[in-house]
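Asker: 3D model of this:
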Amino acid sequence: MHPTAFFILGHAGTGKSFLTSHFIRRELARGRGWCVLDKDAVSEAWSGPFLQALGHDPNDRDSPAFKQHIRDLGYLSTLRIARDQLELGLSVMLPGPWSRELASEAIFSPQALGLPADTRLRHVWLELDPGIRKDRIVRRADPRDRWKLDHWDSYIDKLRAPAAVQSGRIPTLDAGLPLDDQLRILQSLTASA
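Answerer: Model prediction:
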């Protein structure tokens, strides 16, 4: 069987990293290994200093400067590491928004993502009530979320599910379901043809 690149998608606070870590633990207990490539973890050591060198707040992840100079580098770095893992036969989980890749539909093409052509792509979109998401963002106390919290109403008003989610091309998972139910859904998505 070809290795899988599984994109756990959703807006901030939906539980992408949380769900991914629980899924990986369950898979490891079953003797199945995955590589987790969280874009924030891949790029956090250099993205803040890079922003600061450009004269910006090192914790900003929402400014035009971040989106113009740094955003794509973080995603490209993540995909580059994913390619190496997939070429070795190891499946990868990629939690993150992946908004540009969704909008361009590159997320549906291993070649467009720079991944091996035989990579099985899987996707799921996490959906959760905005009030719960805000509480989660507040509790995680990440300084990179400051802009979102300071501008919550305008931030949340602009968020929409991507077209591929609205059309049903990417399945939606209710992130408010009990964890075991969410994990069962993820497992069924990895097994689907």
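
Asker: now the strands for the chain?
Answerer: All strands of the chain, identified by DSSP state E, fall at 4-10, 34-36, 91-95, 120-127, 172-174.

Asker: for the ones you listed, which one sits closest to Glu101?
Answerer: strand 4-10 (8.3 Å; Cβ to Cβ). Every residue, glycine included, has its C-beta placed from N, CA and C.

Asker: helices of this structure, start to end?
Answerer: 16-29, 39-53, 64-69, 71-87, 99-104, 110-113, 130-140, 146-150, 152-158, 163-166, 179-191 (DSSP state H).

Asker: tabulate those helices (CSV), appending distance to Met1 and mean pLDDT.
Answerer: CSV is the format used below for those (distance: least, Cβ to Cβ, whole Å; pLDDT from 0 to 100):
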stretch, distance to Met1, mean pLDDT
helix 16-29, 14, 94
helix 39-53, 26, 87
helix 64-69, 37, 82
helix 71-87, 12, 95
helix 99-104, 24, 92
helix 110-113, 15, 97
helix 130-140, 35, 84
helix 146-150, 39, 78
helix 152-158, 40, 77
helix 163-166, 25, 91
helix 179-191, 10, 93
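
Asker: got JSON lines for those, with mean neighbour count and distance to Phe6 too?
Answerer: Below are the helices of the chain laid out as JSON lines (neighbours: other Cβ atoms under 10 Å; distance: least, Cβ to Cβ, whole Å):
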{"stretch": "helix 16-29", "mean neighbour count": "17", "distance to Phe6": "9"}
{"stretch": "helix 39-53", "mean neighbour count": "16", "distance to Phe6": "14"}
{"stretch": "helix 64-69", "mean neighbour count": "14", "distance to Phe6": "25"}
{"stretch": "helix 71-87", "mean neighbour count": "18", "distance to Phe6": "10"}
{"stretch": "helix 99-104", "mean neighbour count": "16", "distance to Phe6": "14"}
{"stretch": "helix 110-113", "mean neighbour count": "16", "distance to Phe6": "13"}
{"stretch": "helix 130-140", "mean neighbour count": "15", "distance to Phe6": "22"}
{"stretch": "helix 146-150", "mean neighbour count": "15", "distance to Phe6": "25"}
{"stretch": "helix 152-158", "mean neighbour count": "12", "distance to Phe6": "27"}
{"stretch": "helix 163-166", "mean neighbour count": "15", "distance to Phe6": "15"}
{"stretch": "helix 179-191", "mean neighbour count": "15", "distance to Phe6": "6"}
